[in-house]
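A structural model of the following input is requested.
(chains A and B)
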Amino acid sequence: MTGVQKIGVIFFLVGLVVFTVLPFVGTYTLTEDLVRSNTKEIHQDKMTEILAPLYGEKFSSNFSFLSAFGEHFDTYNDGLKSQQLWDQVIWDDYSFALAKAALESPVRDYPWYFLGLSIGLAVLGGLLYAFPLYSQEPEGIKNNGIFHSKLMNRGWMGIAAGTYLILFYILLYWFPAYLVNVVTMVDPISTLLNGGPASQWFLYGLIYTLAIIVFGIRMFRKYRGNKYQQLRTASLIFFQTGFAFLIPEILVLLNKPYFDFKNIWPLDYDFFYDYQIETFLSSGGIGMFMLVWGILLILIGVPVFTYFFGKRWYCSWVCGCGGLAETLGDPFRQLSDKSVKAWKYERVIVHSVLVLVVLMTVVTLANYFSGFSFLGNVTNQLHSFYGFAIGSAFAGVVGTGFYPLMGNRVWCRFGCPLAAYLGLVQRFKSRFRITTNGGQCISCGNCSTYCEMGIDVRWYAQRGQNIVRSSCVGCGVCSSVCPRGVLKLENGPEKNRINDLPIIIGNDSIKLNP
Amino acid sequence: MSQSRHVVIIGNGIAGVTFARHLRKKDQNASITIISGESAYFFSRTALMYVFMGHMKFEHTQPYANDFWEKNRIELKQAWVESVDFSAKKLVLKEGEAITYDQLVLATGSKPNKIGWLGQDLEGVQGLYSKQDLELMERNTEGVERAVVVGGGLIGIEMAEMLAYKKIPVTFLVRESGFWDIVLPKEESELVGRHILEHHVDLRLETELEEILPDSSGRVRAVRTKSGEEIPCQFVGLTIGVKPNVEFLRNSGLELGSGVKVDRFFRTNIPDVFAIGDCAEFHESPAEGRKRIEQVWYTGRMHGETLAYNFINKPVPYQPGVWFNSAKFFDIEYQTYGTVPPKWDDQTLKSFYWEHAGGKVAFRMLMENTGKVLGVNNLGFRLRHEFFDQAIREKWDGVKVISLLEQGNFDPEFFAPYYLEIQKAFKKQFGGDFQPSKKSFIQKLLGARV
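Next up, the predicted model:
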C-alpha cells in the first residue's frame, strides 16, 4: 500500500465514523407550528393535540425524542385499535417528518461542512485508495491474497462490514427517523437537483451512486487491460448516475413524475400499483410515454435484447442492483455458494418470487379496473407483504447487507423476479453462451470460485461443454480469471449452443459421447 | 470378465480419476476403488499455486463435490501403497492392510527430479508437485528473506510467482540461455524473460547450480553457482522437471524404464495391470513427434478416457490427436497447437512471427516449405482450439489460416483485434491472396486499436 493509499484508508474510516456518529448529534424541540406544517390536513388537529405535552421540551437525543413521540402517538392509536375504531387510527408515520422538523443541530446549520467531513471524506479516501491500486504492477488479474484477507474471506472485518450494512439497512427501511441528521445534511444537494428537501431515499440514492462510482474506479484498476470489464463498469456507472439518480430528480424539479427509465417490472414491482398508474395518466404526454415505455421494455425489450445478448445486457451492464453488486460487491464475489443444494434453493426461491409478483400484479390490475372492495383489501395486503418481505428485507437487507457473508449477488440470484424472467429467456431462447475452448481446461477452479452467481463453471468447462445457465449474468469474470484462455462469452447461432455431449478435442483414439 | 470385478486404481490424479469416471459411466457393475495417500479427494494439481497465493482455498481445487464419489459408487481410500504382489493380485498398504484386485491401474504420477546436488536434502530445499509439497512450501517460506529457484521451466516460474506474492526476493537460476528454451523458440523465450524481469525476479540465464550450502542448524543458507558466486537464501526451489513415481514398484516383476513400460493399449508386461498418466512410459512414441512419457494434464486425461473405453469395448490403441498445451507465465497466457519445436531448419520449414509493439503479445506459425501449417504459438492473447485443431489436422495452407484468423480468435469481446495486425504482417511477409478482416461496427465505434 502506498502512502497515498494509507491516507485514503484513514480518510475513509474517519468519514465513516463521522457518518455513523452524526445521527446521534443535536437536540429535538417540537412546537405546534411544526406539527401543523408537517402533517396532513386531516390529521393536523388530532396530531397537535396528541403531541401537545412535547411542545417546547428540549430532547437531548433522537432516542429520547422518538420514544416520547412514540409513547404519545401509540397511546392514542392503541386506544382506538382496542375499540376497533380502525378508520380513526392514524396510519401515517409522521416520526421521520417531525423528527426532521424538530431537529436542532450543527449539521442543520452547516450541512456542507458535515457533508464534507462524512460522505465527502469517505469518497475522497476511497478515491485516494483506488486510483493508485496496482500502479506498480503489470496488467493482469489481481486476486492475490483474497482468501488470506480478513475482509474478503468472512474474517472479523467481513463480519463487521456485513453487520454495519445490515444495521444501516434496518434503520433506513424501518426506522428512518433516527437518520434525520444525515438526511438533513444532504438537503442542499437535494434542493439543487429536485428543488425540495431530502428524504431518506435521496440520501440512499446519493450514497448508492457514489459507492458505484468509487468502487467502479477500483474495478477499472483491478481489471486493467481487460476491455470487457472496463466497458461494462463504465456502462454501470453511466446508467446509475444518469438514469437511476440524476434524471428522476431532475424530472421532479420539472414537476414531472419521478421515473427511472431503465427500471423494469417485476424488479420495479410497484410499476402497476394504482397510484403509479394514476400518476402516469395524470402527467400528460410524458406520463403516457413512461407508461408505454415501461410496458414495451417488459414485453419487447427484455425478450429481444436477451435473445441477442443474453441477460447480461441488463444484469451486468445496466441494472442498479447489478451496478452495486459489480462494484461495491466485487471484492466479495468469491463467497457465493457453489453447491448443488444452493442451486436447488435458488431455483425454487427465485421462481417463487416471480410467481408471487406476477400474482400480485394481476390482482392489482384486476382491482384497478374493477374497483371491487374485496380485491382492494387483498391488494393492500399483498403490497404491504411484498414491500416488506421482498422489496425491503430481501432486496435491501439481505441483498446488500450479506455481501461480505454470502457474496454480492444474493438478491440477484435467489430473489430478483426480473432476473428470473430474463433467465428463462436466456435459457430457452437466446444466442448467448459461454464457449468452452475445446480441451484446454485444467480444472483449476478459478472460474467457479469467482462466479458471483454460484455457477460451477468448471463442471462444464472440464467436459468441453458450453455454459448455458439461466442465472448467468454475463459479468465475464470467469473468462477474465481463467489462466488458460478457456472461456469466452459469445453471442452466436442457436445451433450447437448447448452441446450436451461434447467431444473433448485432442484424443483421436476414440470418439467420446458419439 | 466377472460381473463384479474389482478395479483398483493407484493414484487420484487426473488420469486415474478420469479413468474411474468413464469406467463407471459404462460399467455399472464393476467395483471401483481409488487409492491415494496424497489427498482424500481428487484435486487439480495445476491449481496448487493459486492456493498458496490466496486466490482459492484448497477445497476450490477439487473439481467434484465430496458426495460425488459415493453417488457414483467410487470408493476412495486414503493410504500409501507400500508394495504390490502381482502374482497374488494384492496391494499392501503402509499400515499393513492388504487389498486384492482383479484389474489394477497404475496412475501414480510423478515426483520432482533431484540430480544429486550437494545439499539438496537440506531443510528449506524442495520441489513442488504434491499437496504435501505445497504445505511444506507454506512452512518453508515463513520468515524467508531471499529465495532461489533452480530450473527454467513451468514449475520454476510458478514458484517464482508464488514467492513474489509473499514479497520474497527471488533469484531464478536457468541453466539454458533462455527461459524454457527447450520448448519455446528464441523470440517467445525472450518475451517471457522480459516479463519475468518486469516482475522484479532476478533472472540469471546460463547460470548453473553447483552446491547448496547449509547453516549450522542444517537449513539452507546460500547456494553456490558453477561460476563460484554465492547467493544467500533461506529457501531453494528445485524445479528441474519431474520423473515417474514408480520407485515402490522396482523389483516387483513389473517392467520399468523411467516409468512403467506400456504398449499403446496401456498394458504392462503383467496381465490385468495397466499404467496411465505421468507414470506410463510407452515402448514407442504413440504418434509422430510425441514423447514416450507425456507428463501433461491433458494427456493424463486422454489416457484415462481411452483406457476406460478399452475396459468395456474391443480395445483400441491410444492415438493422440493434434498436440496442444497451455500455461501462464505471471500475467501472460501461452497456448500452443500442433508442432512448434524450439529450433528448426530454415531450409525445410518456414516460420512467421509477429510481436506486438508492447512486447507482450506474440504469434508464431510454423509451416512446411509448401506453406502447410504445422503449428502455432500464441502469447498474450487467446486462440480457438477447435479452429486450430481442424486447420492443423487438415494441413491448411498458412494463407488460409491467416485469412480466417478472426474465426480462430478467442479473446473476449472488445479486446484489441490483434488478428488484424497479424494478417497485415503476414501479407507483407508472405503475400497471399486475401484481404485482412474489416473492423466491425462496434470496434470502429469504440475506436478499437492494437
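
what about the residue of the stretch 151-300 of chain A found nearest chain B, distance to B:Gln443?
Using Cβ to the nearest Cβ, the single residue of the stretch 151-300 of chain A nearest to chain B is A:Lys227, 4.0 Å away. Yep, even glycine has a C-beta here, placed from its N, CA and C like the rest. According to Cβ to Cβ, to the nearest Å, A:Lys227 and B:Gln443 sit 11 Å apart.

A:Pro404 is in what secondary structure piece?
A:Pro404 is part of helix A:403-406, with elements assigned from DSSP states H and E.

burial check on B:Arg194, number of neighbours?
Neighbour count for B:Arg194, taken as other Cβ atoms under 10 Å in any protein chain shown: 14.

B:Thr225 now?
B:Thr225: 18 surrounding residues under other Cβ under 10 Å.

how about A:Lys142?
A:Lys142 is flanked by 16 other residues according to other Cβ under 10 Å.

test my guess that it contacts A:Tyr134.
Yes: using Cβ atoms under 8 Å, A:Lys142 is in contact with A:Tyr134, at 5.7 Å.

give the residues shared as contacts by the two.
A:Lys222 (Cβ atoms under 8 Å, 6 or more residues apart in numbering or on different chains).

which non-adjacent residue is nearest B:Leu91?
Once flanking residues are discounted, B:Leu91 sits nearest to B:Ile99: 4.7 Å by Cβ to Cβ, 6 or more residues apart in numbering or on different chains.

ok so, going back, contacting residues for the residue of the stretch 151-300 of chain A closest to chain B?
Per Cβ under 8 Å, 6+ apart, neighbours of A:Lys227: B:412-416.

of all of the stretch 51-200 of chain A, which residue lies closest to chain B?
For the stretch 51-200 of chain A, Cβ to the nearest Cβ, closest residue to chain B: A:Gly140, 3.0 Å.

and what about that residue, helix, strand or coil?
Following DSSP: H, G, I helix; E, B strand; the rest coil, A:Gly140 is assigned to coil.

do you know the pLDDT at it?
As summarised for this prediction, A:Gly140 has a pLDDT of 91.

state the distance from it to B:Pro417.
The spacing between A:Gly140 and B:Pro417, counted by Cβ to Cβ, is 20 Å.

which one of the two is surrounded by more residues?
B:Pro417 (22 against 18).

list the residues that contact that one.
Neighbours of B:Pro417 in contact, by Cβ under 8 Å, 6+ apart: B:406, B:409, B:437, B:439, B:443, B:448, B:450.

how many residues are close by the last one?
Read it as B:Val450. Applying other Cβ under 10 Å, we find 15 residues neighbouring B:Val450.

test my guess that it contacts B:Leu420.
Yes: counting by Cβ under 8 Å, B:Val450 does reach B:Leu420; the two are 6.5 Å apart.

pLDDT wise, what is the residue of the stretch 151-300 of chain A closest to chain B at?
95.

residue ranges with poor pLDDT in the chain?
All of this is about chain A. Counting by pLDDT under 70, chain A has low-confidence residues at A:512-514.

actually chain B
For chain B, the ranges with pLDDT under 70 are B:1-3.

got the domain ranges for it?
B:6-111+B:243-312, B:125-240, B:324-446 (automatic domain parsing).

give the contact list for residue 316.
The chain I'm using is chain A. Applying Cβ under 8 Å, 6+ apart, the residues contacting A:Ser316 are A:232, A:236, A:322, A:326, A:473-476.

that's the wrong chain, I wanted chain B
Going by Cβ under 8 Å, 6+ apart, B:Val316 touches A:509-510, B:265, B:306, B:309-310.

what about A:Ser282, how many neighbours?
For A:Ser282, the count of nearby residues is 9 (other Cβ under 10 Å).

care to break chain A down by domain?
Following automatic domain parsing, chain A resolves into domains at A:27-103, A:431-511.

winner for burial among those?
domain A:431-511 (a mean of 22; mean count of other Cβ atoms under 10 Å in any protein chain shown).

that domain close to chain B?
Yes: interface with chain B: domain A:431-511 contributes A:435, A:437-440, A:442-446, A:448-449, A:458-459, A:462, A:476, A:479-481, A:483-485, A:488-490, A:504-510 (Cβ under 8 Å from any Cβ of the partner chain).

check the offset of that domain from the chain's centre.
Put simply, domain A:431-511 sits 29 Å off its chain's centre (Cα atoms, centre = their mean, to the nearest Å).

cool, and stretch A:361-368?
Computed by Cα atoms, centre = their mean, the separation of stretch A:361-368 from the middle of its chain amounts to 26 Å.

try stretch B:235-253
The answer for stretch B:235-253 is 16 Å, by Cα atoms, centre = their mean.

pull out the buried residues from it.
Buried residues in stretch B:235-253, counting neighbours by 16 or more other Cβ atoms under 10 Å in any protein chain shown, are found at B:235-246, B:249.

can I get that stretch in CSV, CA atoms only?
Output of stretch B:235-253 as CSV, limited to C-alpha atoms (Å, rounded to 0.1, in the frame of the first residue of the first chain):
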residue,chain,number,x,y,z
PHE,B,235,14.7,-21.2,0.6
VAL,B,236,15.6,-23.1,-2.6
GLY,B,237,13.1,-24.4,-5.1
LEU,B,238,14.3,-27.3,-7.2
THR,B,239,12.3,-27.4,-10.4
ILE,B,240,14.2,-29.3,-13.0
GLY,B,241,11.3,-31.4,-14.1
VAL,B,242,9.7,-34.5,-12.8
LYS,B,243,10.1,-38.2,-13.1
PRO,B,244,7.6,-41.1,-12.9
ASN,B,245,6.7,-42.0,-9.4
VAL,B,246,7.4,-45.7,-9.7
GLU,B,247,10.2,-46.5,-7.2
PHE,B,248,7.9,-48.6,-5.0
LEU,B,249,7.4,-50.9,-8.0
ARG,B,250,11.0,-51.7,-8.6
ASN,B,251,11.9,-55.4,-8.5
SER,B,252,8.3,-56.5,-8.3
GLY,B,253,8.3,-58.2,-11.7
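
can I assume the residue nearest to B:Leu91 sits in a strand?
Yes: counting by three-state DSSP, B:Ile99 falls inside a strand.

neighbours of it, how many?
By other Cβ under 10 Å, 19 other residues sit near B:Ile99.

hmm, it is touching B:Ala88, no?
No: B:Ile99 lies out of contact with B:Ala88 (Cβ under 8 Å); the separation is 11.2 Å.

re the thing from before, now the buried members of the contacts of B:Pro417.
B:409, B:437, B:443, B:448.

got the residues of the stretch 51-200 of chain B near chain A?
Within the stretch 51-200 of chain B, the positions near chain A by Cβ under 8 Å from any Cβ are B:53-57, B:60-63, B:65, B:165, B:195, B:198-199.

need the max-distance pair from those.
The distance between the two most remote of these (Cβ to Cβ) is 39.3 Å, for B:Ala65 and B:Glu198.

tell me the phi and psi of B:Arg204?
The phi/psi pair for B:Arg204 (degrees, to the nearest 10) reads phi -120, psi 100.

surely it meets B:Phe172?
Yes: between B:Arg204 and B:Phe172 there is a contact at 6.6 Å, judged by Cβ under 8 Å.

who has more neighbours, those two?
Applying other Cβ under 10 Å to B:Arg204 and B:Phe172 shows that B:Phe172 carries more neighbours, namely 27 against 18.
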